[in-house]
Every structure is written in structure tokens, then in C-alpha cells.
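Trainee: this one's structure only:
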């Protein structure tokens, strides 16, 4: 039973690989369950094409004009202005970091409180109901 289930999964995996390769324009050569080398094992995709939409979202040149204008503005500031921008930027960064850490601590505290309340209910209230 286990070997037939395993072969069904392998067959389905090969079909999915063929579909992925076909949609990306590659040709697929099924190996009929024989793994001759490490590159033919499932999960080793050596040539994967990134969709154009994802490339456009992660392209750093998309933000280059904004970065250039910011750098020109920063360089045009006097020395005291540059120091003030760095100090305010550091203050804002640490404030946001502190807020995030406080949020994580609050979530952890609520999780621990929830576990303790559940265990208290389970041992105190649930045992009293079964005793009666």
C-alpha cells in the first residue's frame, strides 16, 4: 500500500513538473521514477524564470529617481542640517523599533496568559465537572 501511494505521489509530481516546465517554455523528459543524478531529483530546479511583474516590483531602478533627489537634497543641507537629519532619523528609527518590540512582547504576554488560563480551566473547572 505504501509503495503504490509513493508511486502515485511520484507520478503526480512528475506531471506537475511537466506542467511547470511546459508553462515556462522548457521541454520535460520524464524519468519514470528513476533518479539518475542529483539534478533530476524533485525540487532541484536549476533554471527558473522570474515573472516580469515580480521583476518590476523588486527592481531597484524603480526607486532610483527618489533616491537621487533625496541624496541631492541631503548634500545641499548645511553641516548642522545634516546632523539634525541624522539625529531625527535615528530617533524615529529607534522609536519604531521600540514600538515593534513592545508589540511583540505584548503578543507573547497574551499568549502566555492564554495558556495559563486554559490550563487553569482544564485542571480546576474540568476536574470539578467530572467529579460530580
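Mentor: That came in fine, so what should we check first? Computed from a predicted structure; not experimentally measured.
Trainee: chain center to the helix or strand that contains residue 84: distance?
Mentor: Using DSSP states H and E, residue 84 maps to helix 79-120. Offset of helix 79-120 from its chain centre (Cα atoms, centre = their mean, to the nearest Å): 21 Å.
Trainee: when you give positions from now on, start the count at 39
Mentor: From this message on, residue numbering opens at 39, which makes the last subject helix 117-158.
Trainee: spit out the contact partners of residue 120.
Mentor: By Cβ atoms under 8 Å, 6 or more residues apart in numbering, residue 120 lies in contact with residue 112. (C-beta placed from N, C-alpha, C; glycine too.)
Trainee: from residue 111, how far out is it?
Mentor: To residue 111, residue 120 is 11 Å away according to Cβ to Cβ, to the nearest Å.
Trainee: likewise residue 135?
Mentor: Counting by Cβ to Cβ, the separation of residue 135 from residue 111 is 25 Å.
Trainee: next one: residue 58
Mentor: For residue 58, the distance to residue 111 - Cβ to Cβ - is 46 Å.
Trainee: what does residue 143 give?
Mentor: The spacing between residue 143 and residue 111, counted by Cβ to Cβ, is 37 Å.
Trainee: break this structure into its domains for me.
Mentor: Per automatic domain parsing, the structural domains of the chain span 39-87, 90-170.
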